[in-house]
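Q: Compute the structure for the input listed below.
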Amino acid sequence: MLREIEELDQFRITVQHLEVCRAMIQRGGEAECRSALILLDHVSEVILYRIAQEDIEKDEFTSKVIPERYDPQKRKQIERNFNAKLEAVAKIVDLPELVIDALKILHTYRNAAYHRDQHNPKVLPLLARISFIATADLFARTGAGFMNRGVGGANLSVQWLQPYGLAQAVIWFESHARCIAQQLKAGIKPRLALIKEHLSKDITARVDAVQAVLDEVFERDTVAIDRMFKHYEFRRVHWDLESKLSENLRTLTYKIASGRGNEVSPAAYVKAQSAFRRTYDANFKKFVPKTKYADLQRIREELSRFSDAQDFRTALARYSTLDRKLNSLESFSTSCYHDIEKQAELENDIARGK
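A: You can find the predicted model right below:
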């Protein structure tokens, strides 16, 4: 009985989370949609965890007589990784590919918004709506993670279910979840044509913005642009290489700065400096970057495929791919522009004798 009460309370909390997300999405502000996207991802992960954990517990029991399906490494992955949970549940529950792909793509976008505070306010309302539909479908098809179970009796009265016409009934999680999800999704799902139009406009505007920055700084010198992209991508990929290679040089610098310069000969310092620069330059020379100026034109060409998307899954997957490519182009171009501005300010200060 206690377990039934706990499960009903968890079911109620899941419904409340969906209600809160729906209200925030309908208000449509950037902060509300961002918060809704993050909370919806949490709701999805909790549902997935419930189902996966129950299946793992069953596997532990049956492993006494048949080979286990979840080894310790697989269990750890499911506990820590969203996609591992989703893949495990997809084998247990019949989830549409649209739901699976949407949850994966939106989890990646949620990570950027939550961990790095990177999000595009122009598409947040649309992405939040798609996320809501995918999460509500997951909720409906799994009974919030409490499949094939019911609680209470004919006289059970649950007032918080009254808005859904379910306040006086035996509660079967799956049937109740389907009924609630159907009502919550009303008026939230955007039209596919609207999705394609807005996502396409977003990519186009961002490509034009990157192009404008590069034209201003490099005047279409594609060789210089590719060299710049390689420089910033190399620093992103090998973020700790400079620190590792300069350890000996930094040790000598610290001695000089602490007043122990007599322990460092000029020859030793020059040798350490040359060794660091030679090794660092060699690593940079053999580095093969993935980001190039030609990517801008490729993105423009791929934009034409948006109009061919026949469903939300395809449109969202294509946007995710282009968004990921553009993120690097935007990041590197912006960093370069800011660095050039700082250098110009420094040179002006020097010229004015500051």
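
Q: Name the spans of the stretch 151-300 of the chain whose pLDDT lies under the cut-off.
A: 152-157, 167-169 (pLDDT under 70).

Q: could you pull out the helices for it?
A: For the stretch 151-300 of the chain, applying DSSP state H, counting those that start in this stretch gives helices covering 173-185, 192-218, 222-237, 241-245, 247-257, 266-286, 294-303.

Q: Any idea how far apart the tips of stretch 131-150 sit?
A: 27 Å (C-alpha to C-alpha, to the nearest Å).

Q: Give the residue farthest from the middle of the chain.
A: N262 (52.2 Å; C-alpha atoms, centre = their mean).

Q: So that residue versus L249, what's the distance?
A: 18 Å (C-beta to C-beta, to the nearest Å). For glycine as for every other residue, the C-beta is placed from the backbone atoms N, C-alpha and C.

Q: repeat for V264
A: Distance from V264 to L249, by C-beta to C-beta: 11 Å.

Q: How about F287?
A: Taking C-beta to C-beta, one finds F287 at 21 Å from L249.

Q: More neighbours: the two, which one.
A: Between F287 and L249, counted using other C-beta atoms under 10 Å, the more crowded position is L249 (17 against 14).

Q: nearest spatial neighbour of the more buried one, skipping sequence neighbours?
A: A272 (4.4 Å; C-beta to C-beta, 6 or more residues apart in numbering).

Q: ok, the one you found - contacts?
A: Neighbouring residues of A272 by C-beta atoms under 8 Å, 6 or more residues apart in numbering: 248-249, 252.

Q: now, which of those sits nearest Y109?
A: Distance to Y109, by C-beta to C-beta, is smallest for L249 among the contacts of A272, at 40.8 Å.

Q: Identify the residues contacting that closest one.
A: 269, 272-273, 275-276.

Q: Give me the ChimeraX select line for those residues, limited to the buried ones.
A: Buried members of the contacts of L249, defined by 16 or more other C-beta atoms under 10 Å, are picked up in ChimeraX with:
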select :269,272,276
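
Q: Make JSON lines from the contacts of L249 and add distance to V20 to it.
A: As requested, these are exported to JSON lines (distance: C-beta to C-beta, whole Å):
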{"residue": "Y269", "distance to V20": "61"}
{"residue": "A272", "distance to V20": "58"}
{"residue": "Q273", "distance to V20": "58"}
{"residue": "A275", "distance to V20": "58"}
{"residue": "F276", "distance to V20": "54"}
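
Q: out of the contacts of L249, which one sits closest to R69?
A: F276 (51.3 Å).

Q: Would you mind confirming that the closest one makes contact with R250?
A: No. F276 is beyond contact range of R250, at 9.1 Å (criterion: C-beta atoms under 8 Å).
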